[in-house]
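# Sequence below, structure please.
(one chain, ligands or ions: 1)
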Amino acid sequence: MNIFITGIAGFLGSNLAYHLYNKNHTISGNDNFIGGYKDNLNDQFNFYKIDCCDYNSMNKALKNTDVLIHCAATAYEGLSVFSPSFVTKNIFEASVATFSAAISNNVKKIIFCSSMARYGSQNFPFTEDMAPKPQDPYGIAKVASEKMLENLSEIHNFDWTILVPHNIVGPRQKYDDPYRNVLSIFLNRMLLNKPAIIYGDGSQKRCFSYVDDCITCIEETIQNNNSSKQVINIGPDEEFISIKELADKCANLTNFNGNHVYYDDRPQEVKFASCSSSKARKILNYKTKFSLDESIQLTYEYIKKRGPKEFDYHIDLEINNEKTPQTWNMKII
Ligand SMILES: NC(=O)c1ccc[n+]([C@@H]2O[C@H](COP(=O)([O-])OP(=O)(O)OC[C@H]3O[C@@H](n4cnc5c(N)ncnc54)[C@H](O)[C@@H]3O)[C@@H](O)[C@H]2O)c1
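Now for the predicted structure:
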(Lines give C-alpha, C1' and ligand atoms only; values in the text may rest on other atoms or scores of the structure.)
Protein backbone atom coordinates (compact mmCIF):
# COMPACT_ATOMS: atom_id res chain seq x y z
CA MET A 1 0.00 0.00 0.00
CA ASN A 2 1.05 3.63 -0.49
CA ILE A 3 0.91 5.12 2.97
CA PHE A 4 1.45 8.83 3.67
CA ILE A 5 2.40 9.86 7.22
CA THR A 6 2.24 13.53 8.20
CA GLY A 7 4.72 14.57 10.88
CA ILE A 8 7.03 11.75 9.76
CA ALA A 9 10.10 13.28 11.47
CA GLY A 10 8.23 13.24 14.77
CA PHE A 11 8.23 10.60 17.46
CA LEU A 12 5.13 8.61 16.55
CA GLY A 13 5.34 9.31 12.79
CA SER A 14 8.93 8.09 12.44
CA ASN A 15 8.43 4.94 14.53
CA LEU A 16 5.34 4.16 12.48
CA ALA A 17 7.21 4.78 9.21
CA TYR A 18 9.98 2.29 10.08
CA HIS A 19 7.46 -0.31 11.22
CA LEU A 20 5.24 -0.07 8.14
CA TYR A 21 8.22 0.09 5.76
CA ASN A 22 9.41 -3.21 7.22
CA LYS A 23 5.96 -4.64 6.43
CA ASN A 24 6.59 -3.83 2.72
CA HIS A 25 4.44 -0.73 2.44
CA THR A 26 5.65 2.27 0.40
CA ILE A 27 6.09 5.13 2.83
CA SER A 28 5.87 8.84 2.09
CA GLY A 29 5.51 11.70 4.51
CA ASN A 30 6.02 15.36 5.30
CA ASP A 31 7.21 17.50 8.18
CA ASN A 32 7.99 21.17 8.85
CA PHE A 33 10.42 20.39 11.73
CA ILE A 34 8.59 22.39 14.41
CA GLY A 35 9.10 19.27 16.53
CA GLY A 36 10.74 15.91 15.87
CA TYR A 37 14.36 15.30 14.86
CA LYS A 38 15.74 15.40 11.28
CA ASP A 39 17.68 12.20 11.89
CA ASN A 40 14.42 10.36 12.62
CA LEU A 41 14.09 10.31 8.82
CA ASN A 42 15.53 7.69 6.50
CA ASP A 43 16.28 7.57 2.74
CA GLN A 44 13.80 4.70 2.38
CA PHE A 45 10.91 7.17 2.89
CA ASN A 46 9.76 9.68 0.22
CA PHE A 47 10.09 12.84 2.27
CA TYR A 48 8.51 16.23 1.57
CA LYS A 49 9.59 19.21 3.64
CA ILE A 50 6.22 20.91 3.51
CA ASP A 51 3.80 22.37 6.01
CA CYS A 52 0.43 20.66 6.39
CA CYS A 53 -1.23 24.12 6.25
CA ASP A 54 0.03 24.49 2.66
CA TYR A 55 -2.88 22.92 0.76
CA ASN A 56 -1.31 23.20 -2.74
CA SER A 57 1.89 21.42 -1.75
CA MET A 58 -0.02 18.77 0.23
CA ASN A 59 -2.27 18.22 -2.78
CA LYS A 60 0.77 17.40 -4.97
CA ALA A 61 2.50 15.28 -2.31
CA LEU A 62 -0.57 13.12 -1.63
CA LYS A 63 -0.91 11.84 -5.23
CA ASN A 64 -1.42 8.04 -5.39
CA THR A 65 -1.86 7.71 -1.61
CA ASP A 66 -4.07 4.82 -0.41
CA VAL A 67 -4.05 5.59 3.31
CA LEU A 68 -3.23 8.85 5.10
CA ILE A 69 -2.09 8.70 8.73
CA HIS A 70 -2.25 12.24 10.11
CA CYS A 71 0.25 12.44 12.95
CA ALA A 72 1.50 16.01 12.43
CA ALA A 73 0.51 18.38 15.19
CA THR A 74 1.96 20.78 17.69
CA ALA A 75 1.52 18.21 20.47
CA TYR A 76 1.82 20.81 23.24
CA GLU A 77 -1.13 20.56 25.61
CA GLY A 78 0.27 22.58 28.55
CA LEU A 79 1.84 25.20 26.29
CA SER A 80 -1.40 25.62 24.33
CA VAL A 81 -2.80 27.67 27.23
CA PHE A 82 -0.02 30.23 26.66
CA SER A 83 0.58 29.93 22.88
CA PRO A 84 -2.94 29.11 21.64
CA SER A 85 -2.56 30.67 18.19
CA PHE A 86 0.60 28.74 17.31
CA VAL A 87 -0.63 25.43 18.74
CA THR A 88 -4.13 25.47 17.26
CA LYS A 89 -3.00 26.65 13.80
CA ASN A 90 -0.78 23.58 13.50
CA ILE A 91 -3.60 21.32 14.63
CA PHE A 92 -6.86 22.66 13.21
CA GLU A 93 -5.73 24.57 10.10
CA ALA A 94 -3.11 21.90 9.37
CA SER A 95 -5.72 19.12 9.66
CA VAL A 96 -8.29 20.83 7.43
CA ALA A 97 -5.75 21.50 4.65
CA THR A 98 -4.42 17.92 4.92
CA PHE A 99 -7.89 16.33 4.86
CA SER A 100 -8.92 18.51 1.92
CA ALA A 101 -5.81 17.54 -0.09
CA ALA A 102 -6.37 13.86 0.75
CA ILE A 103 -10.01 13.97 -0.37
CA SER A 104 -9.11 15.71 -3.63
CA ASN A 105 -6.68 12.82 -4.28
CA ASN A 106 -9.34 10.18 -3.54
CA VAL A 107 -7.47 8.78 -0.52
CA LYS A 108 -9.48 5.75 0.65
CA LYS A 109 -8.88 5.97 4.38
CA ILE A 110 -7.78 8.73 6.78
CA ILE A 111 -6.50 7.80 10.23
CA PHE A 112 -6.39 10.81 12.55
CA CYS A 113 -4.30 10.85 15.72
CA SER A 114 -6.38 12.76 18.24
CA SER A 115 -5.56 12.99 21.95
CA MET A 116 -6.85 12.08 25.39
CA ALA A 117 -7.16 15.87 25.83
CA ARG A 118 -10.51 15.46 24.01
CA TYR A 119 -12.02 14.12 27.26
CA GLY A 120 -10.97 16.93 29.64
CA SER A 121 -11.48 16.07 33.31
CA GLN A 122 -14.46 13.73 33.19
CA ASN A 123 -14.61 10.57 35.31
CA PHE A 124 -11.76 8.25 34.40
CA PRO A 125 -11.01 5.89 32.76
CA PHE A 126 -12.27 7.75 29.71
CA THR A 127 -14.41 5.72 27.31
CA GLU A 128 -15.12 6.56 23.70
CA ASP A 129 -18.87 6.99 24.30
CA MET A 130 -18.23 10.06 26.51
CA ALA A 131 -19.01 13.39 24.87
CA PRO A 132 -15.78 15.33 24.28
CA LYS A 133 -15.19 18.05 26.90
CA PRO A 134 -11.74 19.47 26.15
CA GLN A 135 -10.52 22.08 28.62
CA ASP A 136 -7.58 23.65 26.84
CA PRO A 137 -6.82 25.00 23.33
CA TYR A 138 -4.94 21.83 22.33
CA GLY A 139 -7.92 19.59 23.14
CA ILE A 140 -10.37 22.03 21.54
CA ALA A 141 -8.35 22.04 18.29
CA LYS A 142 -8.20 18.22 18.28
CA VAL A 143 -11.97 17.91 18.76
CA ALA A 144 -12.63 20.54 16.06
CA SER A 145 -10.39 18.56 13.68
CA GLU A 146 -12.29 15.34 14.51
CA LYS A 147 -15.60 17.06 13.75
CA MET A 148 -14.24 18.39 10.46
CA LEU A 149 -13.12 14.90 9.44
CA GLU A 150 -16.52 13.38 10.23
CA ASN A 151 -18.33 16.20 8.46
CA LEU A 152 -16.22 15.96 5.29
CA SER A 153 -16.70 12.19 5.16
CA GLU A 154 -20.50 12.57 5.21
CA ILE A 155 -20.20 14.65 2.04
CA HIS A 156 -17.26 13.07 0.25
CA ASN A 157 -17.55 9.39 1.12
CA PHE A 158 -14.18 8.17 2.42
CA ASP A 159 -13.37 5.97 5.39
CA TRP A 160 -11.81 7.26 8.62
CA THR A 161 -10.78 6.20 12.09
CA ILE A 162 -9.98 8.53 14.98
CA LEU A 163 -7.35 7.02 17.28
CA VAL A 164 -6.81 8.44 20.75
CA PRO A 165 -3.29 7.87 22.11
CA HIS A 166 -2.11 9.07 25.53
CA ASN A 167 1.33 9.71 27.05
CA ILE A 168 3.38 7.75 24.53
CA VAL A 169 7.03 7.12 25.47
CA GLY A 170 10.02 5.51 23.79
CA PRO A 171 12.92 6.05 21.38
CA ARG A 172 12.93 8.96 18.86
CA GLN A 173 10.91 11.19 21.21
CA LYS A 174 12.19 14.76 21.55
CA TYR A 175 13.74 14.84 25.03
CA ASP A 176 15.26 18.36 25.01
CA ASP A 177 11.87 20.06 24.72
CA PRO A 178 10.98 21.95 27.93
CA TYR A 179 7.28 22.12 27.09
CA ARG A 180 6.26 18.46 26.95
CA ASN A 181 7.08 14.73 27.36
CA VAL A 182 7.42 14.40 31.12
CA LEU A 183 9.26 11.05 31.20
CA SER A 184 11.88 12.16 28.67
CA ILE A 185 12.34 15.46 30.53
CA PHE A 186 12.89 13.66 33.87
CA LEU A 187 15.40 11.21 32.36
CA ASN A 188 17.27 13.86 30.38
CA ARG A 189 17.51 16.13 33.43
CA MET A 190 18.77 13.33 35.68
CA LEU A 191 21.36 12.34 33.08
CA LEU A 192 22.41 16.03 33.19
CA ASN A 193 22.61 15.58 36.99
CA LYS A 194 19.58 17.82 37.63
CA PRO A 195 16.51 16.94 39.72
CA ALA A 196 13.00 16.28 38.37
CA ILE A 197 10.80 19.39 38.22
CA ILE A 198 7.21 18.61 39.28
CA TYR A 199 4.17 20.88 38.85
CA GLY A 200 1.89 20.85 41.93
CA ASP A 201 2.36 18.08 44.49
CA GLY A 202 3.02 15.33 41.93
CA SER A 203 -0.15 13.42 42.82
CA GLN A 204 -1.59 13.82 39.30
CA LYS A 205 -1.83 10.37 37.72
CA ARG A 206 -1.38 8.99 34.20
CA CYS A 207 -0.90 5.74 32.26
CA PHE A 208 2.11 5.64 29.93
CA SER A 209 2.11 3.86 26.55
CA TYR A 210 5.21 2.36 24.97
CA VAL A 211 5.29 3.53 21.34
CA ASP A 212 5.21 0.00 19.86
CA ASP A 213 1.96 -0.71 21.71
CA CYS A 214 0.40 2.26 19.85
CA ILE A 215 1.92 1.41 16.49
CA THR A 216 0.45 -2.09 16.41
CA CYS A 217 -3.00 -0.53 16.92
CA ILE A 218 -2.43 1.93 14.07
CA GLU A 219 -1.22 -0.87 11.78
CA GLU A 220 -4.29 -2.97 12.60
CA THR A 221 -6.57 0.03 11.90
CA ILE A 222 -5.33 0.26 8.30
CA GLN A 223 -7.04 -2.97 7.19
CA ASN A 224 -9.55 -3.79 9.93
CA ASN A 225 -13.05 -2.92 8.68
CA ASN A 226 -14.45 -2.91 12.21
CA SER A 227 -12.43 0.26 12.87
CA SER A 228 -14.36 2.08 10.15
CA LYS A 229 -15.79 5.44 11.34
CA GLN A 230 -14.90 4.69 14.96
CA VAL A 231 -13.17 6.60 17.74
CA ILE A 232 -10.78 4.20 19.54
CA ASN A 233 -8.50 4.82 22.54
CA ILE A 234 -5.10 3.18 22.03
CA GLY A 235 -2.34 2.24 24.47
CA PRO A 236 -2.43 0.54 27.88
CA ASP A 237 -4.87 1.21 30.69
CA GLU A 238 -2.79 -0.65 33.28
CA GLU A 239 -0.20 0.75 35.75
CA PHE A 240 -1.84 4.10 36.60
CA ILE A 241 1.01 6.02 38.27
CA SER A 242 1.49 9.43 39.91
CA ILE A 243 4.03 11.87 38.47
CA LYS A 244 5.92 11.80 41.80
CA GLU A 245 6.19 7.99 41.61
CA LEU A 246 7.34 8.29 38.00
CA ALA A 247 10.09 10.72 39.07
CA ASP A 248 11.11 8.24 41.83
CA LYS A 249 11.41 5.44 39.27
CA CYS A 250 13.58 7.65 37.03
CA ALA A 251 15.82 8.57 39.98
CA ASN A 252 16.29 4.88 40.85
CA LEU A 253 17.13 3.97 37.27
CA THR A 254 19.62 6.81 36.75
CA ASN A 255 21.08 6.55 40.30
CA PHE A 256 20.20 10.20 40.87
CA ASN A 257 20.20 11.09 44.57
CA GLY A 258 18.87 14.69 44.68
CA ASN A 259 15.37 15.70 45.82
CA HIS A 260 12.66 16.54 43.30
CA VAL A 261 11.88 20.26 42.92
CA TYR A 262 8.24 21.46 43.09
CA TYR A 263 6.58 24.40 41.24
CA ASP A 264 2.99 25.70 41.12
CA ASP A 265 0.29 23.64 39.37
CA ARG A 266 0.00 24.31 35.66
CA PRO A 267 -3.31 26.02 34.74
CA GLN A 268 -5.91 23.61 33.29
CA GLU A 269 -3.82 20.48 33.94
CA VAL A 270 -6.16 17.50 34.40
CA LYS A 271 -5.45 15.75 37.72
CA PHE A 272 -6.38 12.15 36.95
CA ALA A 273 -6.44 10.97 33.35
CA SER A 274 -6.52 7.48 31.92
CA CYS A 275 -8.21 5.92 28.91
CA SER A 276 -10.04 2.60 28.84
CA SER A 277 -8.50 0.22 26.26
CA SER A 278 -11.54 -2.10 26.22
CA LYS A 279 -12.69 -1.01 22.77
CA ALA A 280 -9.16 -1.44 21.31
CA ARG A 281 -9.01 -4.93 22.86
CA LYS A 282 -12.30 -5.80 21.22
CA ILE A 283 -11.87 -4.18 17.80
CA LEU A 284 -8.10 -4.11 17.26
CA ASN A 285 -7.13 -7.23 19.26
CA TYR A 286 -5.06 -4.94 21.48
CA LYS A 287 -2.80 -6.46 24.14
CA THR A 288 -0.21 -4.52 26.14
CA LYS A 289 3.25 -5.93 25.42
CA PHE A 290 5.49 -3.46 27.27
CA SER A 291 5.28 -2.90 31.04
CA LEU A 292 5.84 0.56 32.49
CA ASP A 293 9.29 -0.41 33.80
CA GLU A 294 10.34 -1.76 30.38
CA SER A 295 9.01 1.42 28.73
CA ILE A 296 11.03 3.63 31.10
CA GLN A 297 14.14 1.47 30.63
CA LEU A 298 13.95 1.59 26.79
CA THR A 299 13.38 5.38 26.81
CA TYR A 300 16.35 5.79 29.18
CA GLU A 301 18.62 3.66 26.96
CA TYR A 302 17.71 5.79 23.93
CA ILE A 303 18.49 9.11 25.67
CA LYS A 304 21.67 7.75 27.22
CA LYS A 305 22.95 6.42 23.88
CA ARG A 306 22.16 9.64 22.01
CA GLY A 307 23.51 11.72 24.89
CA PRO A 308 21.66 14.06 27.27
CA LYS A 309 21.08 17.58 25.93
CA GLU A 310 20.39 21.03 27.36
CA PHE A 311 16.76 22.09 26.84
CA ASP A 312 15.89 24.15 23.76
CA TYR A 313 13.22 26.87 24.23
CA HIS A 314 12.37 26.81 20.53
CA ILE A 315 8.77 28.08 20.78
CA ASP A 316 7.80 31.62 21.81
CA LEU A 317 5.26 32.23 24.58
CA GLU A 318 2.38 34.30 23.18
CA ILE A 319 0.92 35.06 26.60
CA ASN A 320 3.45 35.83 29.32
CA ASN A 321 1.74 36.85 32.53
CA GLU A 322 1.48 35.84 36.21
CA LYS A 323 -0.12 32.50 35.23
CA THR A 324 2.72 31.46 32.90
CA PRO A 325 4.86 28.75 34.54
CA GLN A 326 8.15 30.24 35.76
CA THR A 327 9.89 27.16 34.45
CA TRP A 328 9.12 28.46 30.96
CA ASN A 329 9.38 32.24 31.16
CA MET A 330 12.52 32.04 33.32
CA LYS A 331 13.89 29.04 31.37
CA ILE A 332 14.41 26.95 34.51
CA ILE A 333 14.11 23.46 33.02
N1 LIG B 1 3.21 11.66 22.25
C2 LIG B 1 2.09 11.54 22.93
O3 LIG B 1 2.10 11.20 24.12
C4 LIG B 1 0.75 11.79 22.28
C5 LIG B 1 -0.40 11.60 23.04
C6 LIG B 1 -1.62 11.84 22.45
C7 LIG B 1 -1.70 12.24 21.14
N8 LIG B 1 -0.58 12.41 20.42
C9 LIG B 1 -0.71 12.84 19.02
O10 LIG B 1 0.06 11.97 18.19
C11 LIG B 1 0.64 12.72 17.13
C12 LIG B 1 2.15 12.55 17.12
O13 LIG B 1 2.69 13.08 18.33
P14 LIG B 1 4.24 12.99 18.64
O15 LIG B 1 4.39 12.73 20.08
O16 LIG B 1 4.90 12.11 17.66
O17 LIG B 1 4.68 14.51 18.39
P18 LIG B 1 5.98 15.03 17.63
O19 LIG B 1 6.08 16.49 17.89
O20 LIG B 1 7.17 14.19 17.95
O21 LIG B 1 5.60 14.79 16.11
C22 LIG B 1 4.76 15.66 15.39
C23 LIG B 1 5.49 16.09 14.14
O24 LIG B 1 4.61 16.93 13.40
C25 LIG B 1 5.37 17.97 12.83
N26 LIG B 1 4.48 19.10 12.55
C27 LIG B 1 3.83 19.90 13.44
N28 LIG B 1 3.07 20.81 12.80
C29 LIG B 1 3.26 20.57 11.46
C30 LIG B 1 2.76 21.18 10.29
N31 LIG B 1 1.92 22.23 10.34
N32 LIG B 1 3.16 20.70 9.09
C33 LIG B 1 4.02 19.64 9.01
N34 LIG B 1 4.54 19.02 10.10
C35 LIG B 1 4.16 19.49 11.31
C36 LIG B 1 6.44 18.29 13.86
O37 LIG B 1 7.56 18.91 13.30
C38 LIG B 1 6.76 16.90 14.42
O39 LIG B 1 7.86 16.30 13.77
C40 LIG B 1 0.18 14.16 17.32
O41 LIG B 1 -0.97 14.38 16.55
C42 LIG B 1 -0.16 14.24 18.78
O43 LIG B 1 -1.10 15.25 19.06
C44 LIG B 1 0.66 12.20 20.95
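# Show me the chain divided up by domain.
Annotated domains of the chain cover 2-166+212-233, 169-206+237-273+289-319 [automatic domain parsing].
# Pipe these into CSV and attach mean neighbour count, mean pLDDT and distance to residue 333 per row.
For the C-beta atoms, the positions are set from N, CA and C on the backbone; glycine is no exception. Listed next are these as CSV, based on neighbours: other CB atoms under 10 Å; pLDDT from 0 to 100; distance: least, CB to CB, whole Å:
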stretch, mean neighbour count, mean pLDDT, distance to residue 333
domain 2-166+212-233, 20, 98, 12
domain 169-206+237-273+289-319, 17, 97, 4
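# Now that we have those domains, can you turn them into JSON lines and tack on distance to the ligand?
Shown next, in JSON lines, are these (distance: least, CB to the nearest ligand atom, whole Å):
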{"stretch": "domain 2-166+212-233", "distance to the ligand": "2"}
{"stretch": "domain 169-206+237-273+289-319", "distance to the ligand": "6"}
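# wait, isn't residue 257 in contact with residue 195?
No - Residue 257 lies out of contact with residue 195 (CB atoms under 8 Å); the separation is 9.4 Å.
# Just the element for the spatially closest residue to residue 6 that is not a sequence neighbour, please.
Once flanking residues are discounted, residue 6 sits nearest to residue 72: 3.7 Å by CB to CB, 6 or more residues apart in numbering. Using DSSP states H and E, residue 72 sits in no helix or strand.
# Next one: residue 72 from residue 98, what distance?
7 Å (CB to CB, to the nearest Å).
# shared neighbours, these two?
Counting by CB atoms under 8 Å, 6 or more residues apart in numbering, the contacts common to residue 72 and residue 98 are 6, 52.
# who touches the residue most central in space within the chain in this structure?
Residue closest to the average C-alpha location in the chain (CA atoms, centre = their mean): residue 75, at 5.7 Å. Neighbouring residues of residue 75 by CB under 8 Å, 6+ apart: 10, 35, 115, 138, 180.
# Could you do residue 257 as well?
Residue 257 touches residue 251, counting by CB under 8 Å, 6+ apart.
# what's the offset of the helix ranked longest in the chain from the middle of its chain?
Ranked by residue count, the top helix of the chain under DSSP state H comes out as helix 137-156. Taking CA atoms, centre = their mean, to the nearest Å, one finds helix 137-156 lying 17 Å from the centre of the chain it belongs to.
# cool, stretch 78-95 as well?
Worked out by CA atoms, centre = their mean, stretch 78-95 lies 14 Å from the chain centre.
# Could you tell me which residues make contact with residue 232?
128, 161, 162, 163, 164, 217, 221, 279, 280, 283, 284.
# Can you lay out those residues as CSV showing secondary structure and distance to residue 206?
As requested, these are exported to CSV (DSSP: H, G, I helix; E, B strand; the rest coil; distance: CB to CB, whole Å):
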residue, secondary structure, distance to residue 206
128, coil, 18
161, strand, 24
162, strand, 21
163, strand, 18
164, strand, 14
217, helix, 18
221, helix, 23
279, helix, 19
280, helix, 17
283, helix, 23
284, helix, 21
